[in-house]
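K.L.:
I would like to see how this sequence folds:
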Amino acid sequence: MLTIDGSMGEGGGQLLRSSLALSLLTSTPFQITKIRAGRARPGLMRQHLAAVHAATEIGRARTEGAAMGSTELTFHPNGIHSGDYTFAIGGAGSTTLVFQTILLPLLLGGKAPSTLTFEGGTHNPMAPPFDFLERTFLPVLATLGARVDIRLERHGFYPAGGGVWTATVHPTTELAHLELLHRGEVRARHATALIAQIAPAIALRELDTLCNLLSWEREDSKPTVVRHSHGPGNALLATIACDHVIEVITGFGERGVRAETVAEGVAREVARYLAANVPVGEHLADQLLLPMALGAGGTIRTVKPSMHCLTQIELVKMFLGLSIRTTEEAPDVWRIDVPSVVASRKS
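P.N.:
Next comes the predicted model:
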């Protein structure tokens, strides 16, 4: 059994979610201790438990310690089982993070298509919004041979939640090699401000500020009023569409935070991405490491790897025995080379 220090690296929920995915795909039981030890509220929270329960269900796994506030968990996988599943996170817990926990197991280990329904948060701070999955992450996976269809039925903003969306995962025997070193020409730049049950003026202020700071054409960026939301919400999404990748950068409005402040945060991240002239943004980088390692490997160019990314690298080494190499090529320009576990086993 593999033992994992849950406080290593970024020390948060990603460490647990990636461990669950790798455990399912390698049939490796593990024990994780000190879960979220450095957080203000250590241990498993609702959305972390939702990821554990989802992995347990598709893996017919045996778990110990799967309870609110628990700082230790033992997970014994028992295969990967395709099927129709519904995962209700409760409140506004991130459904996209639960999806990413079980996506690769069902994609690479499933025997038949799986249909997944998620209920909960779709646009949460500290998690990829649905739009990022749809426009950025899944299109890159599609170039590797993955077929995953998703459809949003209702937005779910923090803190009310209530979002609903579905995914159909079609299993494949392998993922192709990924080489994403150049983004090509920037073909479009625009932003959308999602608003639900809040004043339209907030969206206009966000868009005005963002476009002014980035010198973007204002007429290309528009507000979107979200109907049928269970509660108020606001998300500002900036899209940079290039020849080889689409990057979506998001900021979330919250009570007490000025619209201009939300836009300034998004503008800083957009400016950093554009200045680095790399194809892979900070958040996409750590999400591509597992598909590359479990597939035919690959090489990407990105900004300086985040702690999330470095933690993924350590986990890949623990579960797969692969050493991922990071190389700084210029200020805030890094190359990441990922070997393939498939090629490693063949050799």
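
K.L.:
only C-alpha atoms for contact and neighbour calcs from this point on.
P.N.:
Noted.

K.L.:
Quick check: chain neighbours aside, which residue is closest to residue 58?
P.N.:
Spatially, and ignoring its direct neighbours in sequence, residue 58 is nearest to residue 81 (5.2 Å; CA to CA, 6 or more residues apart in numbering).

K.L.:
looking at this, that neighbour is in a helix?
P.N.:
No: counting by DSSP: H, G, I helix; E, B strand; the rest coil, one finds residue 81 to be coil, located in no helix.

K.L.:
ok, how many other residues are close to it?
P.N.:
17 (other CA atoms under 10 Å).

K.L.:
try residue 150
P.N.:
17.

K.L.:
So which elements touch whichever strand or helix holds it?
P.N.:
Applying DSSP states H and E as the criterion places residue 150 in strand 147-154. Using 3 or more CA pairs under 8 Å, 6 or more residues apart in numbering; DSSP states H and E, the elements in contact with strand 147-154 are helix 138-143, strand 163-170.

K.L.:
will you turn these into CSV that also has mean neighbour count and distance to residue 337?
P.N.:
Formatted as CSV, the helices and strands packed on strand 147-154 follow (neighbours: other CA atoms under 10 Å; distance: least, CA to CA, whole Å):
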stretch, mean neighbour count, distance to residue 337
helix 138-143, 16, 17
strand 163-170, 21, 27
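
K.L.:
Of the ones you listed, give the one that comes closest to residue 64.
P.N.:
Residue 64 lies closest, by CA to CA, to one member of those: strand 163-170, at 28.3 Å.

K.L.:
Strand partners (parallel or antiparallel) of the closest one?
P.N.:
strand 114-120 (antiparallel), strand 147-154 (antiparallel) (DSSP bridges).

K.L.:
Highest mean neighbour count out of those strands?
P.N.:
strand 114-120 (a mean of 22; mean count of other CA atoms under 10 Å).

K.L.:
and the most centrally placed residue in the chain, what is it in contact with?
P.N.:
Residue closest to the average C-alpha location in the chain (CA atoms, centre = their mean): residue 128, at 4.8 Å. The neighbours of residue 128, taking CA atoms under 8 Å, 6 or more residues apart in numbering as the test, are 96-97.

K.L.:
let's see it at 7 Å
P.N.:
residue 96 (CA atoms under 7 Å, 6 or more residues apart in numbering).

K.L.:
Could you do residue 222 as well?
P.N.:
If you count contacts by CA under 7 Å, 6+ apart, then residue 222 has 191-193 around it.

K.L.:
Among those, which one is most surrounded by other residues?
P.N.:
Per-residue neighbour counts (other CA under 10 Å) across the contacts of residue 222 peak at residue 193, which has 27 neighbours.

K.L.:
and it, that's in a strand?
P.N.:
Yes: Residue 193: assigned to a strand according to three-state DSSP.

K.L.:
quick one: the residue nearest to the centre of the chain from residue 138, how far?
P.N.:
Residue 128 sits 12 Å away from residue 138, going by CA to CA, to the nearest Å.

K.L.:
before we move on, what about residue 238?
P.N.:
Relative to residue 138, and taking CA to CA, residue 238 is found at 17 Å.

K.L.:
ranges for the helices of this structure?
P.N.:
13-26, 46-59, 95-109, 130-132, 138-143, 200-214, 259-276, 282-294, 307-320, 341-346 (DSSP state H).

K.L.:
Nearest to residue 168 among those helices would be which one?
P.N.:
Closest approach to residue 168 among those (CA to CA): helix 95-109, 9.9 Å.

K.L.:
now the angle from the closest one to helix 13-26?
P.N.:
20 degrees (axes from the mean of the first three to the mean of the last three CA atoms, to 10 degrees).

K.L.:
helices or strands up against helix 95-109?
P.N.:
Using 3 or more CA pairs under 7 Å, 6 or more residues apart in numbering; DSSP states H and E, the elements in contact with helix 95-109 are helix 13-26, helix 46-59, strand 114-120, strand 163-170.

K.L.:
List of residues touching the first one?
P.N.:
To tie it back to what came earlier, the one meant is helix 13-26. 6, 29, 36, 48, 51, 55, 59, 77, 79-80, 101-102, 104-105, 109, 319.

K.L.:
PyMOL command to pick out the buried ones of those?
P.N.:
Isolation of the buried members of the contacts of helix 13-26 (16 or more other CA atoms under 10 Å) is achieved in PyMOL through the command below:
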select buried, resi 6+29+36+48+51+55+59+77+79+80+101+102+104+105+109+319
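
K.L.:
just for the stretch 51-200 of the chain, where's the confidence low?
P.N.:
Counting by pLDDT under 70, the stretch 51-200 of the chain shows no low-confidence range.

K.L.:
Try it again at 80.
P.N.:
91 (pLDDT under 80).

K.L.:
mind checking how far residue 214 is from residue 281?
P.N.:
17 Å.

K.L.:
Also residue 64?
P.N.:
Residue 64 is 36 Å from residue 281, by CA to CA.

K.L.:
more neighbours, these two?
P.N.:
residue 281 (26 against 12).

K.L.:
so what pLDDT did that one get?
P.N.:
We note a pLDDT of 98 for residue 281 in this prediction.

K.L.:
try residue 344
P.N.:
Predicted confidence (pLDDT) for residue 344: 58.
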